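**Q** Kindly return the folded structure for what I paste below:
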Amino acid sequence: MVRPPSPPVFSNDFSRFGSCQPAQFRVTLKHGCFPPSRQLMKRFRLVCLMLLGVFAHSEWGSAGETEWSAQKKNHWAWQAPTRPVPPTVTDSGWVRNPIDAFILAKLEAASLKPAARASREQLIRRVTFDLIGLPPTPKEIDAFVNDRDNAAWEKVVDRLLASPHYGERWGRHWLDLARYAESNGYEFDEPRPNAWRYRDYVVAAFNADKPYDRFLKEQLAGDELYPDDPQALVATGFNLLGPDMTDSANQAQRRQNTLDDMTDTAGLVFLGMTVGCARCHNHKFEPITQADFFRMQAFFAPADFRRDLPVVEPAQKAAFEQHLKTYQALTVPARASLEKLEAPYRQKLYDARFARLADAARAAHLLPETERNALQKEIVANTARLLVVPAKDITATMPKDEQARQQKLLQELKKFDSQKPSLPTAMGLQESGKTPKTFLLKRGELKNPGDEVQSGWLTILSPGHRAEPAPFKAASPISTGRRTALANWIARADHPLTARVIVNRLWQHHFGRGIVATPSDFGLRGTPPTHPELLDWLAVEFVSPLPSGEGPGVRGAWSLKRMHRLMLLSATYQQSTTPAPEALKKDPPNNLFSRMNRHRLEGEIIRDSLLAVSGRLNRQASGPGVFPPIAPDAAGAKDWKASADPADHVRRSVYIFARRNLRFPFLEPFDVPDSNQSCPQRERSTTAPQALALLNSADVAVAAKALAARLEKDAGTTDERITLAYRLTLGRTPTSGEERLARAFLAESPLREYCRALFNVNEFVYLD
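**A** From the prediction side, this is the model:
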């Protein structure tokens, strides 16, 4: 019999805790060898106090300066990028642009060679999915394969960049970062009727190749910088896309949660920094203080969080206001009569609710707002919703005859509904002229404020690493200009992080992994860049106002399409996915990019491909989210009412209503991200539910039936149908062996089952 290790001996000498390993603790628990409970609790309290002493050191406290080590101060990501000279390489004939020189130099240093160029069929399938998220048609494949012009590849890239589907594909990447959803989350998960306007703004911005610095500024401070541009107001909805507990009893805490979320998200998305880890204490690993977090938050503090921001041109707004005056004039008698009828019942119900409040709460409500202390303000925020009188309660307390009068007045008002004007609205930020103070919150708790802080840059990125207030200028009589200052600082061409972060995101989506493998963490705990000189060259090139001469149609500074073009025209991008044995041995994870990385398509792109190849895809763009039907027994199906128009059932997946607590069932197995937080990189798992979705789901069954009908219509013989099926689904012609197997299968099974089988081939959902 094997005896367990002896449990630790407890004594008053706490140094012995240091030698007690986890395995010993497990044995101690198993054999019941802890000391009596009173002794245990006494020592447990002492240990907790000791730990609190350790963690409290520099945890909270003042907004003063912090000393950091040279390693933290001199981290590569805090230094502004400079343009390096592309290295000289031995195999210069392989180099198509400077990207290749940087890649090849590393390969040659490791005694490795790049992979051969992919076939034309592979290349056009790869780039079409990369840029527009749809499979190439047989006609498009043939045009490229048979085009002997030296610029054939460039023409394909330029055509796809000009496609309206480009914005849908790359807008989806951005929506992952922006934690986009069309509902609030939490228990009730109420819909956000106008959140889709932000999605449409993003798609349009990508299609128009809006300069990234302008795109960034609009989202942080569009209302201040471009107040007459409705789309810039829509853009500020970025800040409010996180989950929101709208029914919270504590509205002050609700606002603080939103401020925390927008501060954290801005740091992750635009700076690639985990700023949110400093909300409750100084960052444990990065040179980011808790004061830094709240200094950054102070930029957002004056903003009002609007869910109904009018998004129209000034002339349209003036016309609306005139129509509203007309409507109000027409309805004055009915509205006045209704108010007179309901007022006494509303007041009686209000008084009853007020009387049920605690003495302290009643006293707080009776004080003028300016005379309430912090505790009284919190009490008022927590109890205000208890005093709201629902309309149904007013009706219930009325006598029958007055209920009849009320209904008559409501019906009279309803007659004017068609004349009641409405404005398109969106979520967004707008300032009211009030500038609340911002305090460092100890442990991140609203009820535990510390020192007051002023808006300012992150200390580690400030001149001399000194924490000083940021200069800002009022943007208007009611706008402080604080967010303008933040946006201009982040969008500086010489900012050490902004350009690096976004070009790394582009590289990540084209090559399967970023030059920095942690795309939203460029800090000390992030992964160092595999090719730092290349990253700097791309960042400087990105913000450069002058074209580098890579071909016609070159765009200017901050152009995302220009960066796409540069990456896609490189020999590095055009490599095959087949690894050389030596490369597998020396560089298994392909950190040196000696080949292209094979990867699975996202769930949305798989669904869109099913619709496209079966000829059912509705390419209509924009508008409110749609509801394709889901199985009635699916979780949450009672909250998912299918769209009335069948054409909406086959829209692109980016337009499916994005509900936080109910993700579209077909997409969920394919690693659809959690929209409660920014997602810089989707997981790419391989699981049984994915195979079951492709084999058994109604979406695939319908697509297989539709593809079979398309093949029967467009191809006459069995061999022609087999060939067309391969070209539509896999982008290539079948081999002789595949043709033979297909004939044998079709001799015994219907064509729709063969189509379903092709949808389940790895090649359909993977990209070479």
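**Q** Show me the helices in the stretch 151-300 of the chain, by range?
**A** Assigned by DSSP state H, counting those that start in this stretch, the stretch 151-300 of the chain shows helices spanning 152-161, 164-177, 196-207, 212-225, 230-235, 251-266, 290-298.
**Q** between the second one and helix 251-266, how many degrees?
**A** What it means is helix 164-177. For helix 164-177 against helix 251-266, the angle by axes from the mean of the first three to the mean of the last three CA atoms, to 10 degrees is 120 degrees.
**Q** returning to that earlier point: same list (the helices of the stretch 151-300 of the chain) but as a markdown table, adding mean neighbour count.
**A** The C-beta positions use only the backbone N, C-alpha and C, and glycine is treated the same way. What follows is the helices of the stretch 151-300 of the chain, written out as a markdown table (neighbours: other CB atoms under 10 Å):
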| stretch | mean neighbour count |
| --- | --- |
| helix 152-161 | 18 |
| helix 164-177 | 21 |
| helix 196-207 | 23 |
| helix 212-225 | 24 |
| helix 230-235 | 24 |
| helix 251-266 | 20 |
| helix 290-298 | 27 |
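**Q** Would you mind reformatting those helices (as TSV) and adding columns for distance to Asn448 and mean pLDDT while you're at it?
**A** Listed next are the helices of the stretch 151-300 of the chain as TSV, based on distance: least, CB to CB, whole Å; pLDDT from 0 to 100:
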stretch	distance to Asn448	mean pLDDT
helix 152-161	51	98
helix 164-177	32	98
helix 196-207	34	98
helix 212-225	28	97
helix 230-235	34	96
helix 251-266	12	94
helix 290-298	12	96
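**Q** In CSV: those helices, plus distance to Ile460.
**A** Output for the helices of the stretch 151-300 of the chain, formatted as CSV (distance: least, CB to CB, whole Å):
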stretch, distance to Ile460
helix 152-161, 37
helix 164-177, 23
helix 196-207, 30
helix 212-225, 20
helix 230-235, 28
helix 251-266, 16
helix 290-298, 8
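**Q** Tell me which of the ones you listed sits nearest to Cys755.
**A** helix 164-177 (23.7 Å; CB to CB).
**Q** can you list contacts of the closest one?
**A** 130-134, 160, 199, 202-207, 268-269, 505, 509, 520, 560, 602, 604-605, 619, 621, 652, 654, 673, 678-680, 682 (CB atoms under 8 Å, 6 or more residues apart in numbering).
**Q** A ChimeraX selection for those residues, restricted to the buried ones, would help me check which they are.
**A** Of the contacts of helix 164-177, the buried ones go into a single ChimeraX selection, burial set by 16 or more other CB atoms under 10 Å:
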select :130,131,132,133,134,160,199,202,203,204,205,206,207,268,269,505,509,520,560,602,604,605,621,652,654,673,678,679,680
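**Q** follow-up on the earlier one: Leu610 is nearest to which of the helices of the stretch 151-300 of the chain?
**A** Smallest distance to Leu610 across the helices of the stretch 151-300 of the chain (CB to CB): 15.9 Å, for helix 164-177.
**Q** hang on, the earlier thing: so which of the helices of the stretch 151-300 of the chain is nearest Arg595?
**A** Set against Arg595 and scored by CB to CB, the helices of the stretch 151-300 of the chain come closest in helix 152-161, at 18.4 Å.
**Q** For that closest one, give me every contacting residue.
**A** So helix 152-161 is contacted by 123-124, 127-128, 131-132, 144, 147, 149, 166, 551, 553, 561, 564-565, 568-569, 574 (CB under 8 Å, 6+ apart).
**Q** Kindly report the same for stretch 219-234.
**A** So stretch 219-234 is contacted by 197-198, 201, 204, 217-218, 235-236, 238-239, 266, 270, 309, 311-314, 426, 428-431, 475-476, 479, 481, 483-484, 486-487, 490 (CB under 8 Å, 6+ apart).
**Q** still on that earlier bit, now the buried members of the contacts of helix 152-161.
**A** If you count burial by 16+ other CB under 10 Å, the buried members of the contacts of helix 152-161 come out as 123-124, 127-128, 131-132, 144, 166, 561, 564-565, 568-569, 574.
**Q** Take those residues and keep only those in strands.
**A** Secondary structure from DSSP state E places none of the buried ones among the contacts of helix 152-161 in strands.
**Q** Quick check: Thr395 vs Phe670, distance?
**A** 49 Å (CB to CB, to the nearest Å).
**Q** nope, Trp68 is what I was after
**A** Counting by CB to CB, the gap from Trp68 to Phe670 is 42 Å.
**Q** Stretch 380-396: end-to-end distance?
**A** Across stretch 380-396, the terminal residues are separated by 27 Å (CA to CA, to the nearest Å).
**Q** Okay, buried residues for it please.
**A** For stretch 380-396, by 16+ other CB under 10 Å, it's Val380, Ala381, Asn382, Thr383, Leu387, Val389, Ile394.
**Q** now the strands for the stretch 251-400 of the chain?
**A** For the stretch 251-400 of the chain, the strands defined by DSSP state E, counting those that start in this stretch cover 303-310.
**Q** And the contacts of stretch 219-234, which of them are buried?
**A** By 16+ other CB under 10 Å, these give 197-198, 201, 204, 217-218, 235-236, 238-239, 266, 270, 309, 311, 426, 428-431, 475, 479, 481, 483-484, 486-487, 490 as buried.
**Q** what's near enough to touch the closest residue to Asn488 other than its chain neighbours?
**A** If you skip the residues right next to it in sequence, Asn488 has Lys217 as its closest partner in space, 7.2 Å away by CB to CB, 6 or more residues apart in numbering. By CB under 8 Å, 6+ apart, the contact set of Lys217 is Leu225, Thr484, Ala487, Asn488, Ala491.
**Q** per-domain residue ranges of this protein.
**A** 14-56, 92-165+497-596, 169-313+427-490, 314-423, 603-767 (automatic domain parsing).
**Q** For the third one, what is the distance to the chain centroid?
**A** In this view, domain 169-313+427-490 has its centroid 14 Å away from the chain centroid, taken as CA atoms, centre = their mean, to the nearest Å.
**Q** what about the residue nearest to Asp247 when sequence neighbours are not counted, how many residues close to it?
**A** Nearest residue to Asp247, sequence neighbours excluded (CB to CB, 6+ apart): Phe188, at 6.3 Å. For Phe188, the number of neighbouring residues by other CB atoms under 10 Å comes to 11.
**Q** where does Ala315 land on pLDDT?
**A** Among the per-residue scores, Ala315 holds a pLDDT of 76.
**Q** Just put the buried ones among the contacts of helix 152-161 in TSV and tack on distance to Phe666.
**A** Listed next are those as TSV, based on distance: CB to CB, whole Å:
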residue	distance to Phe666
Leu123	29
Ile124	27
Val127	26
Thr128	22
Leu131	23
Ile132	20
Phe144	31
Tyr166	24
Lys561	31
His564	29
Arg565	33
Leu568	30
Leu569	35
Gln574	33
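**Q** Tell me the one among the residues you listed nearest to Lys415.
**A** For the buried ones among the contacts of helix 152-161, the nearest to Lys415 is Tyr166 (47.5 Å; CB to CB).
**Q** mind checking how far that closest one is from Val157?
**A** 11 Å.
**Q** go on, Gly272?
**A** Here Gly272 is placed at a distance of 27 Å from Val157 (CB to CB).
**Q** Thanks a lot, catch you later.
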